[in-house]
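Trainee: just need the structure, nothing else, for what follows:
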Amino acid sequence: MNFITFKQSLSVLPGFSLSDIYKLDSSFHRSRLTEWQRHHYIQKLKNGFYVFTDFVRTDTDLYAIASRLYLHSYISTQSALSYYGILPESVYGITCVSTLKTMTIQTPVATFIYQHIKPSLNFGYVLRSHKGEQFKMADLEKAILDYFYFHPVANEFEFESIRFNRTELKCRINIQKLTTYLQLYRNKALEKRIQHFIAWVSPC
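Mentor: Here you go, the predicted structure:
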């Protein structure tokens, strides 16, 4: 299979794995991947996962890639809050939460940051579809809780420094859902942070 045929078949995906390739051509020789990397046609993000070098990626493409690079993860904290328009575009890379160990994966297209959370807190996300791929996106309320779970912010001056879009928060946040989710964390320190946060937001 030549590169043109290969690219036409897989360019619809944000990124592609060896299993994607073998579904396309079970007799594919992996040496072609080394050759195509040498010619800068493709880039390796991690062992067994690649992207085309000329593909212009959106944040949503990166969310889909994040779910393929590290299983049992969902988009949360800064990236999810940016997705909902609550934070400016994140400069921290693509931030995720996973029941696996904490991990940072540096790649040519983005830095993917995965923070560990215990299995009992693995909830509060929805499944999104993008270009034939699926990824999990935290609900707004879960993204807020995950953010404060990992960042011990506790007063209005610190809330202001984070650059939350307070106007957007006021009208989008579901306080009942936030407090219901909060109870499942069973974390007194987090409860205090969220009480201060709710008072600061003063929702509609």
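
Trainee: C-alpha only now, for contacts and for neighbours.
Mentor: Noted.

Trainee: now Tyr63, what's its secondary structure?
Mentor: Three-state call for Tyr63 (DSSP: H, G, I helix; E, B strand; the rest coil): helix.

Trainee: can I assume it is in contact with Ile94?
Mentor: Yes: contact criterion CA atoms under 8 Å: Tyr63 and Ile94 qualify, at 7.2 Å.

Trainee: overlap in contacts, those two.
Mentor: Common contacts of Tyr63 and Ile94, defined by CA atoms under 8 Å, 6 or more residues apart in numbering, comprise Ile75.

Trainee: which parts of this structure are helices?
Mentor: 3-10, 18-24, 31-38, 59-69, 77-83, 140-150, 156-161, 166-172, 175-185, 188-201 (DSSP state H).

Trainee: and the ones you listed as TSV, adding mean neighbour count and mean pLDDT?
Mentor: Output for these, formatted as TSV (neighbours: other CA atoms under 10 Å; pLDDT from 0 to 100):
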stretch	mean neighbour count	mean pLDDT
helix 3-10	12	94
helix 18-24	14	94
helix 31-38	13	96
helix 59-69	21	94
helix 77-83	24	95
helix 140-150	21	97
helix 156-161	12	77
helix 166-172	16	90
helix 175-185	14	97
helix 188-201	16	92
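
Trainee: what are the buried residues along stretch 121-140?
Mentor: Buried residues in stretch 121-140, counted by 16 or more other CA atoms under 10 Å: 121-122, 124-125, 133, 135-140.

Trainee: which two of the residues you listed have the greatest separation?
Mentor: Leu121 and Glu133 (24.1 Å; CA to CA).

Trainee: tell me which residue is most central in the protein.
Mentor: By CA atoms, centre = their mean, the chain has its centre lying nearest to Ile75, at 3.0 Å.

Trainee: quick one: contacts for that residue?
Mentor: Counted by CA under 8 Å, 6+ apart, Ile75 has contacts 63, 94-97, 135-138.

Trainee: how about 7 Å then?
Mentor: Going by CA atoms under 7 Å, 6 or more residues apart in numbering, Ile75 touches 63, 95-97, 136-138.
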